[in-house]
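Visitor: Structure of the sequence below:
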Amino acid sequence: MNSKISSPTTAAPEAESNTATDPFYAELMDWAKARKQQFLRNRVKAKVPAPSPAPVPAKSEMEAWIESWYTPPSLSPQMARRLAAASRSTRSNSEELPSEDHVTLPQVLESKPTALPLPPQSAPQPKPKLVRSAEVGDLNTSCPRHPSGFVVGQRLQLRPEAQRIPEGVPLDAVLVIEEMYLNPYRQAQGIWCIWCRSDSFSGLKSIDSDCLLPCSEPAEVSHPEIAGDLAIGSDRADAVVLRPDGVAYRLVEETQALAEALQPLQACEALAIDTETTGLDPLKDRIRLVQIAGADQPVVIVDLFKVPPEALAPLRSLLQGKSIKVLQNAKFDLKFLQQAGLPLGGKLFDTMVAAQLLEAGVRSHGYNLAELVKVYLGEDLSKEQQRSDWSHPSLSSEQLEYAARDAAILLRLREVMKPKLKNARLVETAKLEFECLEAIVHMELNGMLLDLSRWDSLRQKLEQRRDQVADELRQQFQPVLLSAQLDLLGNEVSLNLDSQQQVLEALQQMGVPVQNTSKLSLIPLAEQYPPVRALLDYRKAAKAVQAFGSSLPKHVHPITGRIHPDYQQMGAATGRMSCRNPNLQQIPRDKVFRSCFIAAPGYRLVVADYSQIELRVAAELSGDRRMIEAYQNDEDLHRLTAALIAGKSLDQVEKSERQAAKAVNFGLIYAMGSKGLAEYAYNNYGVQMSLKQAETFRRRYFEAYQGIARWHGAIKRRLPREMRTIGDRLRRWQDEPKLTELLNTPVQGTAADITKAALSKLPTALKETGARLIGTVHDEILLEAPENMANQAAQILQQVMEQAGQQYLRRVPVKAEVAITLNWAEK
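Guide: Here you go, the predicted structure:
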């Protein structure tokens, strides 16, 4: 409130002289300051735990009235409407307020006026009236009527000649009314205290009503017959709150109000679901609010801190219903809801995933809600309250408005996205992604168990191996280290193996024809130059220590003792999933690494992977006759390729030749060049291949598989700007794409579709076995099953995976190989 309560020309002398000694005014000022400080604290987004409550002293009459004014008693909607009707019916019998000399406390009341035209400033202003309403239940409420015509939520501007303007309020500011009450010292002039907010300043400002004018656009009130008599900004558990942006919400804080509030949503075809949580970790943080929005209904906000878990049956029933559930970044909310015992049923629609599908690899914007609203609806969505303190016992009206708006806008987003998905032929792909969400949620919540003692032992071995390889490499470089490499004291300077410049100079002095130390340059030279091979071995050992040695145990969750990675559902433009925090998909296939991932006591790991799924997809896409026949006859394609490129019979192929053929098969279906093939073979299969060998293998491969060669040639001639998988997933390019990307997209993308199709069916298929999904690595799926149910779970896993594959591949059989193990390495 402005300390200057009257203008120089219309001052009330008695009020002006008594402000310093009037205890009522002093208490009101103290309350106003505290109210503003609390508002600013809510804006700061602080997350400091609330201190233990101190003993509450007895309230004065003033304090009790202020508390009842700011937190009104609960009213049911029916009672509120009756109160509104009663108030309107008695307005004609209003009586004059007492004079300014006899102001009593109950006369200072919150205003809920109807929208009346603003009278001219020069016109005489009648005295406010005190309206006595009829009794409704146990309530007897006095509602002052005033001439300003303002309503909560209305947009205002300053009068050009206004003089009592608070410091910091720009003259051209657009203000929004938050609260109103009669100024007890200026009631004879009909002056009201208007608490405003604005983008032009931070916090709340109190301005007298005669300093304000309405903006040209009227306030948007959805239910004017209620808005005149109900607190538009009320925090009542059973009140419908009407916001100026058209988003109405109903806050539920009491058990008895929950079923009634949710009943209108039962018939909705689609429900938007959102949550506000105390943090980002579903295993230790909690849901504070669940927001549910339905078409033509106020958003229902359920405060889970106020409604006890045993009273959530109506909410649980609604969430399990058949309505389509619309969410943004659904995985986040689904995990929290699952942990709160509120899993979702029915079909899902994730606006973030839908946007990623529509972008199809050409990312022109981000995927958070504010950016999607800007792109698809052309509106600005404030996220100012996103990181505010959602654990505070009392949430602000700004927080509640933010929560309601985020839920309501999802329904509009879905309506815009639906025809776009249809026009892009992405409806089936969207269904696949939405159905896969449940499995991803299970994998992240269940996590994987790491044997910490075994991992620590492995870390020590990795460090020893790195140091040993480093010593060997320095010895090989020693002959070329010049005596000039001395420090200022004449001591020899040790070669820094991690310095690309020093290593490059050492290699060149040894006669290695290399211009840089990239893998692509070094790998073809490794067989001819031992120092190059030693350098590659060192880098591999150093990377293992850096990437996995000491970092992985940091991700063990303190509550579960397991690692819970974050799977990115659309991690690659091809549709393939990625993984982070930590990236378990990059755990080396070496047994020393995977043996550290174990089953919990009383459980077994059930591990299955698709046999050569990308090669099978390439055979289907290219129609290569030799490749398709090999799969139909259940031949070993790697052995066949080894025989073809080596000019041997199948029974003469050696193990090392078959390993090299694996690199050739998986590398050349994407038209790798000779250098790329050599690098790929070394990085993924440990096969060292000279550049000449890579060139020979590449030529013989395409001579053997002419269908693959023709498929490559057809794509190369067209160089299209978009490609689709067998399941019609779309990928686009803004610029001319590389041939390898054009070939990789339909193969890797179809393989990803197959794995996701299997994942989408597994939660239901495994329900009776007690097995739980714990991870996936591209074409591999991992379960943890009770010992006595492991065989049944393995059969179900294999069957579901193979059936999912045959939905996409018609000519090529799909095969999944399953193992029951104690650790990941035994597969």
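
Visitor: Can you report how many residues neighbour Q500?
Guide: Q500 has 12 neighbours, counted by other C-beta atoms under 10 Å. Every C-beta, even on glycine, is put in place using the N, C-alpha and C of the backbone.

Visitor: what's near enough to touch it?
Guide: 516-517 (C-beta atoms under 8 Å, 6 or more residues apart in numbering).

Visitor: try 7 Å
Guide: For Q500, the contacting residues are T517, by C-beta atoms under 7 Å, 6 or more residues apart in numbering.

Visitor: From S391, how far out is it?
Guide: Distance, Q500 to S391, by C-beta to C-beta, to the nearest Å: 49 Å.

Visitor: all strands for the stretch 201-350 of the chain, in order.
Guide: In the stretch 201-350 of the chain, the segments counted as strands under DSSP state E, counting those that start in this stretch are 201-208, 212-214, 240-242, 248-252, 270-277, 287-294, 299-303, 324-327, 348-350.

Visitor: any idea how far the last one is from the chain center?
Guide: Relative to the chain's own centre, strand 348-350 is displaced by 13 Å; criterion: C-alpha atoms, centre = their mean, to the nearest Å.

Visitor: Mind listing residues that contact that strand?
Guide: In contact with strand 348-350 (C-beta under 7 Å, 6+ apart) are residues 324-327, 330, 414, 434, 437.

Visitor: Show me the shaky parts of the stretch 401-550 of the chain.
Guide: Applying pLDDT under 70 to the stretch 401-550 of the chain flags the ranges 480-494.

Visitor: so where do the helices sit in it?
Guide: With helices called from DSSP state H, counting those that start in this stretch, the stretch 401-550 of the chain shows them at 427-446, 452-477, 500-509, 519-522, 530-544.

Visitor: out of those helices, nearest to T821?
Guide: helix 452-477 (14.8 Å; C-beta to C-beta).

Visitor: buried sites along that closest one?
Guide: 455, 458-459, 462-463, 465-466, 469-470, 473-474, 476-477 (16 or more other C-beta atoms under 10 Å).

Visitor: Likewise for stretch 695-705?
Guide: 695, 697-698, 700-701, 704-705.

Visitor: Could you export the helices of the stretch 401-550 of the chain as TSV, including distance to D636?
Guide: Below are the helices of the stretch 401-550 of the chain laid out as TSV (distance: least, C-beta to C-beta, whole Å):
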stretch	distance to D636
helix 427-446	31
helix 452-477	32
helix 500-509	40
helix 519-522	29
helix 530-544	28
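
Visitor: Skipping adjacent residues, who's closest to E787 in space?
Guide: R604 (5.6 Å; C-beta to C-beta, 6 or more residues apart in numbering).

Visitor: can you list contacts of the one helix or strand A608 maps to?
Guide: A608 belongs to strand 603-610 when assigned by DSSP states H and E. By C-beta under 7 Å, 6+ apart, the residues outside strand 603-610 that reach it are 599, 771, 779-787, 790, 793-794, 797-798, 801, 805, 814, 816-824, 827.

Visitor: who does the next helix or strand along the chain from that strand touch, helix- and strand-wise?
Guide: Of the helices and strands lying after strand 603-610 in sequence (DSSP H and E), the nearest is helix 613-622. For helix 613-622, the packing partners by 3 or more C-beta pairs under 7 Å, 6 or more residues apart in numbering; DSSP states H and E come out as helix 625-632, helix 655-668, helix 706-718, helix 739-765.

Visitor: Nearest to V362, out of those?
Guide: Comparing the helices and strands packed on helix 613-622 by C-beta to C-beta, helix 739-765 comes nearest, at 12.6 Å.
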